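Chemist: with the sequence up front, the predicted model follows.
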Amino acid sequence: MEFDKSIFKAYDIRGTYPNQLDDKIAYRIGNGLARYLKPTSIAVGRDMRISSDELFEHLSHGIIDAGVDVVDLGRISTDGLYFAVGKFEYDGGIMITASHNPKEYNGFKICRQQALPLSGQEGLDKIKLAMEEDALEKSSQRGNINRRDISADYAKHCLSFIDISIIKPFKIVIDAGNGMAGLTLPPVFEKLPIKVIPLYFELDGSFPNHPASPIELENLADLRKKIADEKADFGVAFDGDADRMFLVDRFGNQIGGDMVTALVAGNLLDKNPGETILYNLICSKAVPELVIKKGGKAIRTRVGHALIKPLMKKHNAIFGGEHSGHFYFRDNWFADSGLIAFLVCLELLSRHNRPLDEMVKAINPYFRSGEINSRVKSARDKIEEVAAHFSDGEQDRLDGLTVDYGSFWFNLRPSNTEPLLRLNVEAKSKEVLSKKTDEIMEIIRS
């Protein structure tokens, strides 16, 4: 069949609806997955996007036409899907979502047994090939669609990661961004003594207030204002499918995903000495430094959940974190959960009885640029141009280009999901950070 092959990304399938991704393609993706995995049952969840219900209908029929049962999980978060696949031992799972992308997008995050992700080179390529060859799996015995509500089970699972009895009555502003956090968080919070001030908990796939992409500072404006107005202890923002979260301190400062990684890792190592922690190479040096100080083992990885989850399983790592707000837990089938990460941070703050900003300041001696994105004609050529300019630094190519000079380091890598070149710089002083960031950006954008 004819379709836009660019919808197949490194970690998922994603595109605009109905231009790139339509009902026929959804049917073929469901059928192709059933053909590839040869499962008995596949769990399917969906977010609140305008096209998600329609895509569910056609995706599900592609699966049941292959003789495979569909477990309809209804509207859930992506980490809720991973939980269901792991807990109830389904043969695979599909989450219908485009995560943080604008309203016209939708897509599919897919996993196999034990919530192990499919990627562009591990499974998604087989579905793509079946579509290219117009191959269909038809069974004389169609599968069934059965509904299952996992909300209570998932809330109980997330709360099992913390000691509820020590949680202090913090006042917290939570921005759900009109995404799935508005549905999945209340069953958890009703078990805790915290006071939640909700922002945009109404499910709305048109995202009427702001894009559900909390990594971008402009999307935190309402949250920051509400924290100030309410004199809240801190705030938290979730993305559209609620698998990523970002903390904001009482002064309105966004806490990077790498600093959250350090906080979570520290709390887990206090309770589980000597364990292994994974962190992606965009994370601050503060992360491995803290892990080592706490007696843990730190392993540096490439970026991306489809790469990190198998590595966590290989090393039996208790936790893994990314700068992008993805946090992975061994006791969550090595899958990511923004909600569990939030709860672990809540426990840490309660245990130490210190403000979030003070906890971060104590472990963070560096200055960072944040992720700077640039559109370039050739990402490969620009990377080589930058590599030549900084040839006297310590270089590695684990993921893109990383150059370390001691007083500063940077990583330059092409995006796996968008036509962008991503730059991250970290330095020991603001002056060095500013100077070196400008120097690198002059080469990238010249």
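Modeler: Sure, I can see it.

Chemist: low-confidence regions, the stretch 301-446 of the chain specifically.
Modeler: Regions of the stretch 301-446 of the chain meeting the criterion pLDDT under 70 cover residues 417-418.

Chemist: quick one, domains of the protein?
Modeler: Following automatic domain parsing, one gets these domains for the chain: 5-150, 170-252, 257-341, 367-444.

Chemist: now do the end-to-end distance for the third one.
Modeler: According to C-alpha to C-alpha, to the nearest Å, domain 257-341 extends 10 Å from its N-terminal end residue to its C-terminal end residue.

Chemist: give me the distance between it and the centre of its chain.
Modeler: 13 Å (C-alpha atoms, centre = their mean, to the nearest Å).

Chemist: pLDDT below threshold where in the stretch 1-150 of the chain?
Modeler: Within the stretch 1-150 of the chain, no stretch has pLDDT under 70.

Chemist: and the strands in it?
Modeler: Assigned by DSSP state E, counting those that start in this stretch, the strands in the stretch 1-150 of the chain fall at 13-16, 41-46, 69-75, 92-96, 105-112, 145-147.

Chemist: what's the closest of the domains of the chain to Ser160?
Modeler: Ser160 lies closest to domain 257-341 among those, at 8.0 Å (C-beta to C-beta). In short, each C-beta sits where N, CA and C put it, glycine included.

Chemist: which residue is nearest the middle of this protein?
Modeler: Centroid-nearest residue in the chain, with C-alpha atoms, centre = their mean: His326, separated by 3.7 Å.

Chemist: so who does that residue touch?
Modeler: Each residue near His326 by C-beta atoms under 8 Å, 6 or more residues apart in numbering is listed here: Asp243, Arg244, Gly257, His305, Ile308, Asp336, Gly338.

Chemist: out of those, flag the one nearest to Ile162.
Modeler: Proximity of the contacts of His326 to Ile162 (C-beta to C-beta) peaks at Gly338, which lies at 14.6 Å.

Chemist: hang on, isn't the closest one packed against Met245?
Modeler: Yes - at 3.4 Å, Gly338 counts as touching Met245 under the criterion of C-beta atoms under 8 Å.

Chemist: who has more neighbours, those two?
Modeler: A direct count of neighbours by other C-beta atoms under 10 Å for Gly338 and Met245 places Gly338 higher, at 29 against 25.

Chemist: how about the residue nearest to the centre of the chain: what's its closest non-neighbour residue?
Modeler: Nearest non-adjacent residue to His326, counting by C-beta to C-beta, 6 or more residues apart in numbering: Asp336, 4.6 Å away.

Chemist: ok so, going back, same list (the contacts of His326) but as a markdown table, adding distance to Glu216.
Modeler: Below are the contacts of His326 laid out as a markdown table (distance: C-beta to C-beta, whole Å):
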| residue | distance to Glu216 |
| --- | --- |
| Asp243 | 17 |
| Arg244 | 12 |
| Gly257 | 13 |
| His305 | 20 |
| Ile308 | 22 |
| Asp336 | 19 |
| Gly338 | 16 |
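
Chemist: out of those residues, the closest to Lys138 would be?
Modeler: Lowest distance from Lys138 to these (C-beta to C-beta) belongs to His305, with 32.7 Å.
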